[in-house]
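> Following is a predicted model, sequence given first.
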Amino acid sequence: MISVLGAGAFGTALAVVLAQSGKDVTLWARSPEAVEAINVTRQTSRLPGVTLPAKITATSDLNHAASAPVVLVATPTQTLRAVLSQITAPMTGTRIVLCCKGIDVETGMGVAETTAHLKPGAIPAILTGPSFATDIAQGLPTALTLACADPEVGKALQLDLATPSLRLYRTTDTIGAELGGALKNVIAIACGACIGEGMGESARAALMTRGFAEMTRLAMHFGADPRTLTGMSGLGDLMLTCTSEKSRNYRHGLALGRQDPVDRTATVEGVKTAEAVTRLSKRLGVDMPISEIVFEVTTENCSVAEAITALLNRSLKEE
Ligand SMILES: NC(=O)C1=CN([C@@H]2O[C@H](COP(=O)(O)OP(=O)(O)OC[C@H]3O[C@@H](n4cnc5c(N)ncnc54)[C@H](OP(=O)(O)O)[C@@H]3O)[C@@H](O)[C@H]2O)C=CC1
Ligand SMILES: O=C(CO)COP(=O)(O)O
């Protein structure tokens, strides 16, 4: 049995594809109304038009859901600590697969580190890469990275979670995988803002390339293998998120660039992650100019036009 914590778009999509491949899936939603809707109507407003297979059972009992041997977590990153802290069921030996992308703004920790801290007996893994929830739920072909520091557990999870439409590549580099997924959201906001402001696609390509350089720089500071960053979890997801209006992070940037109101109800992980990265870069002395300027723009300390001028006026340097 597999559990998924978080019945948002991504958690539900993963539950759908796993259930379609024959797994029994327990899907935890915090609201009893959402549980009722899923179990009775087999529909959810988070994934309109998708019929949820009978093998998915929704519950609002967090401890029940957390008692499965494999627990996927797909709640927003800034809620991860609170969700894990609420679980009192023993999780020693539980394979906790983090599907959220971000850095905790209060602690500066990534999602695997947060999990190791709060559930020391559990085995954290990361599932990340280029994938829109709607694509996964429709059974469209998708490839992701499955990262687990324990190679044997990683192999078992890869076999357990791969489906005919969801191809998983394996790595033991959890730091590279989680940072690739977290940091690309910040660059996607920058790219959206660039297009929204009318700076053009050449400028976006430059932002993606220099954004990738700073993602790699920070990840390597934490001991990541740079090859992980060139995989699904880094470059793969960067390409998707920086070029598609399906991405909430990209759309957030677009709205900023166009001076339109931003959607404050959407899960836009890059906003808090930009703040977390800015704190980390200053503390560690790692040069992260795009992420830092995204933080300034998202906190309305500077306009998109000023941000672009600031980036262009940096001193000239070697590539
Ligand atoms: N959507 C996508 O295409 C992808 C998303 N992801 C990642 O998955 C994670 C979740 O995103 P996504 O599913 O899209 O987000 P959604 O906005 O669709 O859903 C968020 C979910 O988290 C729940 N939630 C919100 N706040 C809390 C809280 N304080 N405690 C417990 N649960 C809470 C919501 O519950 P409620 O409904 O009750 O508000 C909802 O079920 C993010 O880190 C995102 O980056 C990764 C890849 C693809
Ligand atoms: O992570 C994603 C695609 O891989 C989803 O992107 P958004 O969170 O920006 O919608």
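Right, received. Where do you want to start? As the structure is a computational prediction, the values presented were derived from the model and not from experiment. Numbering: from 1, shown residues only. Ligands and ions are numbered 1, 2, ... in the order given.

> My read is that L280 contacts L218, right?
Yes. With the criterion set as CB atoms under 8 Å, L280 and L218 qualify as a contacting pair; they are 7.1 Å apart. (Each C-beta comes from the backbone N, C-alpha and C, glycine too.)

> Give the residues shared as contacts by those two.
Shared between the contact lists of L280 and L218 (criterion: CB atoms under 8 Å, 6 or more residues apart in numbering) are residues 286, 288.

> now S3: how far from G22?
Distance from S3 to G22, counting by CB to CB, to the nearest Å: 16 Å.

> higher neighbour count, those two?
In this comparison of S3 against G22, neighbours counted by other CB atoms under 10 Å, the higher total goes to S3 at 27 against 9.

> so which strand or helix has that one?
Applying DSSP states H and E as the criterion places S3 in strand 2-5.

> Tell me how many other residues crowd the residue nearest to P32 when sequence neighbours are not counted.
The shortest distance from P32 to any residue other than its chain neighbours is 5.0 Å, reached at S60 (CB to CB, 6 or more residues apart in numbering). For S60, the count of nearby residues is 16 (other CB under 10 Å).

> The one 5 residues further on too?
The local packing of A65 (other CB under 10 Å) involves 24 other residues.

> you'd agree it is up against V71?
Yes. Under the criterion of CB under 8 Å, A65 makes contact with V71 at 7.2 Å.

> Identify the residues contacting the residue nearest to P32.
Contacts for S60 (CB under 8 Å, 6+ apart) come out as 28-32, 34-35.

> Dump the residues you listed into CSV; add secondary structure, neighbour count and distance to ligand 2 as well.
CSV is the format used below for the contacts of S60 (DSSP: H, G, I helix; E, B strand; the rest coil; neighbours: other CB atoms under 10 Å; distance: CB to the nearest ligand atom, whole Å):
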residue, secondary structure, neighbour count, distance to ligand 2
W28, strand, 29, 20
A29, coil, 25, 19
R30, coil, 15, 19
S31, coil, 10, 21
P32, helix, 11, 26
A34, helix, 20, 20
V35, helix, 19, 24
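
> Now pLDDT too, for those residues, in TSV please.
Converted to TSV, those look like this (pLDDT from 0 to 100):
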residue	pLDDT
W28	98
A29	98
R30	96
S31	94
P32	95
A34	93
V35	97
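
> among these, which two are most distant?
Taking CB to CB as the measure, the contacts of S60 reach their widest spread between W28 and P32, a distance of 11.5 Å.

> Report the closest residue of this protein relative to ligand 1.
When CB to the nearest ligand atom is the measure, the chain has its nearest residue to ligand 1 at G8, with 1.9 Å between them.

> Check whether that residue really touches V73, as I assumed.
No. Counting by CB under 8 Å, no contact exists between G8 and V73, whose distance comes to 11.2 Å.

> Which residue of these two possesses the greater neighbour count?
A count of neighbours by other CB under 10 Å puts V73 above the other of G8 and V73, at 25 against 19.

> circling back: for the residue of the chain closest to ligand 1, give me phi and psi.
Backbone dihedrals for G8, given as degrees, to the nearest 10, come out at phi -80, psi -170.

> check whether the helix or strand containing L256 contacts ligand 1.
Remark: L256 resides in helix 248-258, with elements defined by DSSP H and E. No. Residues of helix 248-258 contacting ligand 1 under CB under 6 Å from any ligand atom: none, with a closest distance of 7.3 Å.

> top helix in the protein by residue count?
For the chain, the longest helix by residue count, based on DSSP state H, is helix 174-196.

> Measure how that helix sits relative to helix 248-258, angle-wise.
Here helix 174-196 points in a direction 30 degrees away from that of helix 248-258 (axes from the mean of the first three to the mean of the last three CA atoms, to 10 degrees).

> What average pLDDT does helix 174-196 get?
Averaging pLDDT along helix 174-196 yields 98.

> next one: stretch 43-55
The pLDDT scores in stretch 43-55 average 95.

> and what of stretch 112-120?
When pLDDT is averaged over stretch 112-120, the result is 97.

> From ligand 2, how far off is the nearest residue to R167 once chain neighbours are set aside?
Nearest residue to R167, sequence neighbours excluded (CB to CB, 6+ apart): A143, at 4.4 Å. Taking CB to the nearest ligand atom, to the nearest Å as the measure, A143 and ligand 2 are separated by 11 Å.

> What helix or strand is A143 located in?
strand 142-148.

> Mind listing the strands that strand pairs with, and their directions?
For strand 142-148, the pairing partners within the sheet under DSSP bridges are strand 123-128 (antiparallel), strand 166-171 (parallel).

> Buried deepest among those strands, which one?
Mean neighbour count, computed with mean count of other CB atoms under 10 Å, is highest for strand 123-128 among the strands paired with strand 142-148, reaching a mean of 28.

> Show me what that one is in contact with.
Strand 123-128 is contacted by residues 14, 72, 93-99, 101, 111-112, 115-116, 144-150, 153-154, 157, 161, 168, 174, 177-178, 180-181, 232-233, 237 when judged by CB under 8 Å, 6+ apart.
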